[in-house]
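# got a predicted structure here, sequence first:
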Amino acid sequence: MISKTFRVASLIFLASFTLSPAAGAAICSNASLSGNYGLLTSGTSAAGTPVKSLIQFTFDPTTATFNSVETSSHDGVITITPRTGTYAIASNCTGRTTVDQSLHVAYVVTSIGFFNVNEGTGTTIGGSGVQQGSATCTNAGVKGSFGFGATGTFVTGAPVTGPVAFIGELRFSVNSSGDGVITGHLAGSEDGTTFPFSEEPVTGAYSVNSDCTGMATITPEGLSALNFSFVIVDGGNEMLALETDANTVVSGILQR
């Protein structure tokens with residue numbers, strides 16, 4: 001027989017659970033976005049051309065402002081633009097930023113970053129951001145193996161035009177001079193023409209800046225080099241990357 005004490009204890013437990021509807025629910029504020037983040041966005045411009053951007057943000061909740069540097073490919077034309085803005089995050093974790101006093105962007109904050117979508121007329125651009133965390137931003141700090149996935153488009157002027165997608169297994173190491181070295185393989189498809197891992201060994205180099213941005217060059221055997229700008233996030237376990245070669249609109253993620 002269940003004891004009276006046990007039944008009372010159970011009722012107290014259930015009552016406390018019932019009277020706490022907010023238990024486990026996120027309560028957000030401007031402080032929910034603080035410090036450094038990396039962001040990848042993609043979509044189409046008002047002209048209907050493909051756009052991808054890699055952005056590094058620094059959010060300051062004490063002033064509700066941010067600074068950012070945006071590296072973008074607009075139909076294959078690469079630009080680098082510093083931006084500033086303000087932001088406001090509601091308790092339900094939705095919010096809005098105003099960029100350069102004109103562009104409005106809607107936000108949803110998550111436990112590791114955020115999702116956003118531009119509110120500009122004619123554009124369809126959205127993306128996801130990840131907090132930088134306690135990354136060690138040196139060449140040695142990102143040593144190790146990464147999986148790499150990228151998608152996008154090669155536009156007129158590239159050796160091949162059309163949609164592209166590729167994956168890779170890449171190993172980051174440091175030589176005796178402290179320079180970053182990349183080895184590994186790629187596989188993927190360029191406008192429907194596929195290539196397997198066995199045909200695409202790659203070599204390359206990388207350099208990491210103290211602000212957790214960097215550059216990487218990956219050269220498939222017998223082909224031209226692919227150049228990327230990247231931002232380190234998730235404590236060094238992930239890198240967000242944008243190809244910076246002309247006539248490309250390609251972005252990807254490297255994960256340990």
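Structure received.
# quick one: low-confidence residue ranges for the stretch 51-200 of the chain.
Nowhere does the stretch 51-200 of the chain drop to pLDDT under 70.
# can you give me the strands for it?
Listed from the start of the chain, the stretch 51-200 of the chain has strands (DSSP state E, counting those that start in this stretch) covering 65-74, 77-89, 94-99, 103-109, 113-118, 124-131, 144-154, 162-174, 180-190, 193-195.
# from what I can see Ala26 touches Ile89, true?
No: at 10.8 Å, Ala26 does not count as touching Ile89 under the criterion of CB atoms under 8 Å. For every residue, glycine as well, the C-beta is placed using N, CA and C.
# between these two, which one's more packed in?
It is Ile89, of Ala26 and Ile89, that has more neighbours when counted by other CB atoms under 10 Å, with 23 against 12.
# bridged to the more buried one, which residues?
Beta bridges link Ile89 to Gly95 when assigned by DSSP bridges.
# and Gly235, that's in a strand?
No: looking at Gly235 with DSSP: H, G, I helix; E, B strand; the rest coil, it is helix, so not inside a strand.
# ok, now which ones touch the spatially closest residue to it that is not a sequence neighbour?
Closest residue to Gly235 apart from its sequence neighbours, by CB to CB, 6 or more residues apart in numbering: Gly133 at 3.6 Å. Shown in contact with Gly133 (CB atoms under 8 Å, 6 or more residues apart in numbering): 233-236.
# nearest to Ala158, of these?
Val233 (28.1 Å; CB to CB).
# so what does the residue nearest to Gly235 have for phi and psi?
Dihedral angles of Gly133 (phi, psi; degrees, to the nearest 10) stand at phi 70, psi -160.
# what number of residues lie near Ala31?
Residues near Ala31, counting by other CB under 10 Å: 11.
# tell me what the nearest residue to Glu238 once chain neighbours are set aside is bridged to.
Ranked by CB to CB, 6+ apart and with sequence neighbours excluded, the top spatial neighbour of Glu238 is Gln255, at 5.1 Å. Taking DSSP bridges as the rule, Gln255 bridges to Gly147, Glu238.
# if I pick Thr49, what's in contact with it?
74-75.
# apologies, that question was intended for Leu240.
Counting by CB under 8 Å, 6+ apart, Leu240 has contacts 38-40, 54, 130, 230-231, 233, 251, 253.
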